[in-house]
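**Q** the following block contains a protein sequence and its predicted model.
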Amino acid sequence: MIVKPSADGLMSAVAGAARKGPPPVHLWNPDFCGDIDMRIARDGTWFYLGTPIGRAPMVKLFSSILKLEEGNYYLVTPVEKVGIVVEDAPLHAIDFDATGSGADQVLTFHTRTEDEVVAGPDNPIRVDRDALTGEPSPYVHVRLGLWARIDRKSFYRLIDLGSHETVDGQGWFGLWSSGRFFPVIPSADL
């Protein structure tokens, strides 16, 4: 008998592991069981069977078993791996704290799923630009190849903390965190 993957089955499989800290998804390599009708929208909303998942603890649990392999996103447990659709980034940074200033500044991001990450050499900030509109899309790396899209209000606050620096002979406006400068947009104001 073939059992179709379900959200309930995934939750049951990881419920115990989640109580002991982050699940070691990097160690789990089960066989692919097929795709599940789950989607993470561009705004960070998780959907199951076309309906938004309204329970934050459930979304947090699912985000803890998220894995990126060869450009595809999966929810994994020790015994199953199911594919999901991610429209943009799988995580969503909704706030940040800043301490220090200039090169001594440290930016700590908080995601909707309660991840906390300090931007720096291991967790860079990047800003992609839409080829047609030029609209910026800012991201911060969270874990294991997973990126969080930085929400608009946080990005505006980040811009207030930016500075103009020279990188490889070119002027850039960008952000410092943990001793590393992250270019945002070319700048002539040096």
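**A** Alright, I've got the coordinates.

**Q** phi, psi of Gln105?
**A** Reported as degrees, to the nearest 10, the phi and psi values for Gln105 are phi -70, psi 140.

**Q** per-residue confidence for it?
**A** For Gln105, the pLDDT comes out at 97.

**Q** local confidence estimate at the spatially closest residue to it that is not a sequence neighbour?
**A** Distance criterion Cβ to Cβ, 6 or more residues apart in numbering; nearest residue to Gln105, sequence neighbours excluded, is Trp176 at 4.5 Å. The way it works is simple: take the backbone N, C-alpha and C, and place the C-beta from them, glycine included. Note on Trp176: pLDDT of 97.

**Q** center of the chain - which residue?
**A** Centroid check for the chain by Cα atoms, centre = their mean gives Ala148 as the closest residue, at 2.4 Å.

**Q** pLDDT weak spots in this structure?
**A** Applying pLDDT under 70 to the chain picks out residues 1-20, 189-190.

**Q** repeat the analysis, applying 50 as the threshold.
**A** Within the chain, the segments meeting pLDDT under 50 span 1, 17-18.

**Q** can you map out the helices along it?
**A** 7-18, 56-64, 152-160 (DSSP state H).

**Q** about what we covered before: not counting its neighbours along the chain, what's nearest the residue nearest to the centre of the chain?
**A** Leaving aside its chain neighbours, Ala148 sits nearest to Leu91 (3.7 Å; criterion: Cβ to Cβ, 6+ apart).

**Q** that neighbour contacts Phe109, correct?
**A** No - look at Leu91 against Phe109 with Cβ atoms under 8 Å: they stay out of range, at 9.5 Å.

**Q** returning to that earlier point: the residue nearest to Ala148 and Val118, how far apart?
**A** As judged by Cβ to Cβ, to the nearest Å, Leu91 and Val118 stand 15 Å apart.

**Q** contact partners for Ser177?
**A** With contact set as Cβ atoms under 8 Å, 6 or more residues apart in numbering, Ser177 has these partners: 105-107, 118-120, 125.

**Q** I'd like those residues written out as JSON lines, with distance to Ile159 and neighbour count added.
**A** Shown next, in JSON lines, are the contacts of Ser177 (distance: Cβ to Cβ, whole Å; neighbours: other Cβ atoms under 10 Å):
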{"residue": "Gln105", "distance to Ile159": "14", "neighbour count": "18"}
{"residue": "Val106", "distance to Ile159": "17", "neighbour count": "16"}
{"residue": "Leu107", "distance to Ile159": "12", "neighbour count": "24"}
{"residue": "Val118", "distance to Ile159": "19", "neighbour count": "15"}
{"residue": "Ala119", "distance to Ile159": "15", "neighbour count": "26"}
{"residue": "Gly120", "distance to Ile159": "19", "neighbour count": "18"}
{"residue": "Ile125", "distance to Ile159": "12", "neighbour count": "25"}
